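[1] based on what follows, work out the 3D shape:
(4 chains)
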There are 2 protein chains.
Amino acid sequence: MLTECMSVISGAWAPNVIWCLRAGPRRFSELRADIPPVSAKVLSRRLSELEERGVLIRHVRPTSPPSVSYELTPLGTELIPALDAIVSVGHRLKILQAYELPLAERAEKEQKSEHVSAK
Amino acid sequence: MLTECMSVISGAWAPNVIWCLRAGPRRFSELRADIPPVSAKVLSRRLSELEERGVLIRHVRPTSPPSVSYELTPLGTELIPALDAIVSVGHRLKILQAYELPLAERAEKEQKSEHVSAK
DNA sequence: CCGTATCCACAGTGATACTG
DNA sequence: CAGTATCACTGTGGATACGG
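    As a prediction, this is how the structure comes out:
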């Protein structure tokens, strides 16, 4: 159940794609530029999957050269706050660890110098 | 940035583990039973990763046989609403598709019978 | 510009068996 | 009970090249 629902954001870069579309529609090449290390193949795959799942919609303008843009559906938009929350927690976890790590190092040093100060 | 933050819930069954701990502490074997197809190896890995990330804490009671329980940290608890939101969206997407799929099939059938009704 | 096809490589999982 | 070690496998992503 949960696993099935979580799969809507599964696949490499899927959350990034949703994230990049939060401010409005974007074109294929723009998305590729937004998420530097993503290959065209994977981005293409992810976009079709997300379209099939109903997270975003694909607009094709039959110009020359062809122009394709992607946009979040209403339900897709509802994923943004969830991603926001995760990012918020993730960010604070990072900060905590940047603070706790030096503490651990300090404790280690104190233990090392123990036989010195205790002699 | 987003990728880095999203990685706090990365790894197989990680969201499920968090989900199963939302109601309170749980023991290793209980978690294994909660998430049927998870192997001891993977569950063990995931739990240590989540502990290292600060999502949960590990309690060891030196009884015999040994008893170990896991509990969400305050920050870990904050992930619950986010998962809730994703599940909610995922659930509604499912329903939409169960509704849209028959529509597509109907349209297909109508197209098939077109030359019949139009003859 | 927007993809798809092919090939390759590897991270990550699952199964099994074994320890404290 | 709560893990760890080993191994084999496969899904998934990256690079490249090509097509609409």
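
[2] what residues of the lengthiest helix in chain A count as buried?
    Ordering each helix of chain A by length in residues (DSSP state H) puts helix A:79-112 first. In terms of neighbour count (16 or more other CB atoms under 10 Å in any protein chain shown), helix A:79-112 has its buried residues at A:79-80, A:82-87, A:89-90, A:93. The C-beta positions use only the backbone N, C-alpha and C, and glycine is treated the same way.

[3] now residue A:41: how far from residue A:48?
    11 Å (CB to CB, to the nearest Å).

[4] when the two are compared, which one has more neighbours?
    residue A:48 (11 against 8; other CB atoms under 10 Å in any protein chain shown).

[5] what about the helix or strand hosting that one, distance to the chain center?
    Under the assignment given by DSSP states H and E, the secondary-structure element containing residue A:48 is helix A:40-52. A distance of 15 Å separates the C-alpha centroid of helix A:40-52 from that of its chain, computed with CA atoms, centre = their mean, to the nearest Å.

[6] touching chain B at all, that helix?
    No - in terms of CB under 8 Å from any CB of the partner chain, no part of helix A:40-52 sits within range of chain B; the closest distance is 8.7 Å.

[7] who's in contact with that helix?
    Outside helix A:40-52, the residues within contact range by CB atoms under 8 Å, 6 or more residues apart in numbering or on different chains are A:11-14, A:17-18, A:28, A:31-32, A:35, A:56-58, A:70, A:76.

[8] next secondary structure element downstream of it?
    Next along the chain after helix A:40-52, with elements defined by DSSP H and E, is strand A:56-61.

[9] list the buried ones in that next one?
    Counting neighbours by 16+ other CB under 10 Å, one finds that the buried residues in strand A:56-61 are residue A:56.

[10] show the average pLDDT along it.
    Confidence for strand A:56-61, expressed as mean pLDDT, is 95.

[11] what pairs with the helix or strand that it is followed by, parallel or antiparallel?
    Reading on from strand A:56-61 to the C-terminus, the next helix or strand found by DSSP H and E is strand A:67-72. Taking DSSP bridges as the criterion, strand A:67-72 forms sheet pairs with strand A:26-27 (antiparallel), strand A:56-61 (antiparallel).
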